[in-house]
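Student: Show me how the following folds:
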Amino acid sequence: GYFGNTPVEPDAEVVKLENDKYFFILHSGIDLFEGNKDYLSTKSIERDGIVKVERKITYNKRPSRANMQPKLGSVWFAKMKNTRKVYCFSPSNLEETEKFILSTGFCGILCKNGVDPIYLKQVFLSDDFNMAKDRLASGSTQKAVANETIRLIALPLPPLSEQQKIADILSVVDIAIKKTDVIIWKSEMLKRGLMQRLLTRGIRHTRYKKTELGEIPETWKIIQLSRIVTSYKNGIYKRSEFYGRGFPSIRMHNIQDGYVNTKGAPLLEVTN
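Tutor: Okay, here's the model as predicted:
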C-alpha cells in the first residue's frame with residue numbers, strides 16, 4: 001500500500017480516520033467544570049510542544065473557540081493549511097486532560113484499542129500526513145481541512161508492537177533535536193550579547209563618551225546613514241502592471257517552516 005507517495009510495509013494496514021474500529025473523531029463541546037482551566041489556542045503549540053497558554057478561562061467566561069475537550073489517548077492536530085502543530089494526551093501526561101481546554105482550530109482523534117497515541121502523534125507530524133491534510137484544505141481566507149473531510153485522510157497502521165517501537169525511536173530523535181535547539185538558542189543569545197558588547201563598547205577601550213546612542217568609545221564617531229548611502233530604492237522591479245512575467249517576488253507568507261513556497265508569489269520584471 002501507499003501513504004501519500006511512500007510505500008507501506010505489507011503487514012501495515014492503510015486506514016482512514018473514519019474507521020471507527022481504530023479511531024473516534026472528537027466533536028466540539030466540553031464538560032462542565034468549576035474554577036479555572038488553561039486555554040490552548042493554535043498559537044499555544046509549536047510543533048508538538050506547548051509554548052504558551054493563551055489565557056485562563058472559566059466555563060461561563062471563555063472564547064467561543066475554547067470548546068474542545070481533551071481525553072486520555074487523544075491526539076490533536078491544527079486544521080489550518082501549512083501548519084504543523086500536534087499535541088498528544090497519553091498516560092505520561094494524564095493530569096493535563098483535566099488542565100486544558102483546546103481551540104476548535106484543532107481536530108482531536110481518540111485512539112481505540114490497537115492504536116498507540118504517541119505513534120499517531122508522529123504520523124500527524126509527518127510530511128505525508130500534512131501533504132494529505134493540505135490537499136483537502138479549503139476556505140477563502142484561512143484555508144483549513146473541514147470536519148467532514150478529515151475522515152477521508154488515510155494513514156498507515158502497523159501492528160501495535162511495531163507502532164510502539166516506531167514511536168520510541170522517533171521520540172528519542174525528538175529529544176535529541178530539542179537538546180540541539182536549546183544549544184543553538186543559547187549560542188544565538190551568546191552572539192547577541194557579544195554583538196551588543198562589541199558594537200557599543202569596542203575592544204580594549206578605556207575612555208568613553210555619552211551620545212544620543214548611549215556611551216561609545218571616545219575615538220568612535222556617529223554619522224547619519226544618509227551621508228554614506230549614495231542611493232536607495234524599493235527593490236529592482238517594475239510596478240504591478242508587469243505582474244504575470246519575470247521572477248517570483250518572495251514575501252513573508254511565502255516562507256514557511258524554513259522553506260520557500262513560491263505558490264501565489266507575483267512575477268515581477270527586473271529593471272536595469
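Student: Going by C-alpha atoms from here, please, whenever you check contacts or count neighbours.
Tutor: OK.
Student: residue with max distance from the center of this structure?
Tutor: R207 (47.8 Å; CA atoms, centre = their mean).
Student: That one and F24, how far apart?
Tutor: 71 Å (CA to CA, to the nearest Å).
Student: Repeat that for L125.
Tutor: 19 Å.
Student: Same check on I183?
Tutor: For I183 relative to F24 (CA to CA), the value is 39 Å.
Student: Same question for P63.
Tutor: 25 Å.
Student: between the two, who's got more neighbours?
Tutor: Legend: neighbour count by other CA atoms under 10 Å for P63 and F24, higher for F24 (17 against 13).
Student: my guess is that one meets N113, correct?
Tutor: No. With contact defined as CA atoms under 8 Å, F24 does not reach N113; the gap is 11.1 Å.
Student: Need the residues touching each of those two.
Tutor: Taking CA atoms under 8 Å, 6 or more residues apart in numbering as the contact rule, F24 and N113 have no neighbour in common.
Student: residues near V172, how many?
Tutor: Count around V172 with other CA under 10 Å applied: 10.
Student: I meant I166, not that one.
Tutor: I166 has 15 nearby residues by other CA under 10 Å.
Student: With adjacent residues omitted, what lies nearest to it?
Tutor: Y119 (6.8 Å; CA to CA, 6 or more residues apart in numbering).
Student: what does the helix or strand containing that neighbour rub up against?
Tutor: Under the criterion of DSSP states H and E, Y119 resides in helix 117-125. With CA under 8 Å, 6+ apart as the contact definition, helix 117-125 has outside contacts at 47, 73-77, 84-90, 111, 129-130, 155, 163-164, 166-167, 170.
Student: swap the cut-off to 10 Å and go again
Tutor: 47-48, 72-78, 83-91, 109-111, 126, 129-130, 133, 155-158, 160, 162-168, 170-171, 174 (CA atoms under 10 Å, 6 or more residues apart in numbering).
Student: Buried ones only from these, please, as a ChimeraX command.
Tutor: Buried residues within the contacts of helix 117-125, by 16 or more other CA atoms under 10 Å, are selected in ChimeraX with:
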select :48,72,73,74,75,76,77,78,83,84,85,86,87,88,89,90,109,110,111,129,130,133,155,156,157,158,163,164,167
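Student: Now, the contacts of helix 117-125 that are in strands?
Tutor: In this view, the contacts of helix 117-125 that belong to strands under DSSP state E are 74-78, 86-89, 109-111, 155-157.
Student: before we move on, back to that, spit out the contact partners of the residue farthest from the centre of the chain.
Tutor: Taking CA under 10 Å, 6+ apart, one finds R201, E215, I216, P217, E218, T219 in contact with R207.
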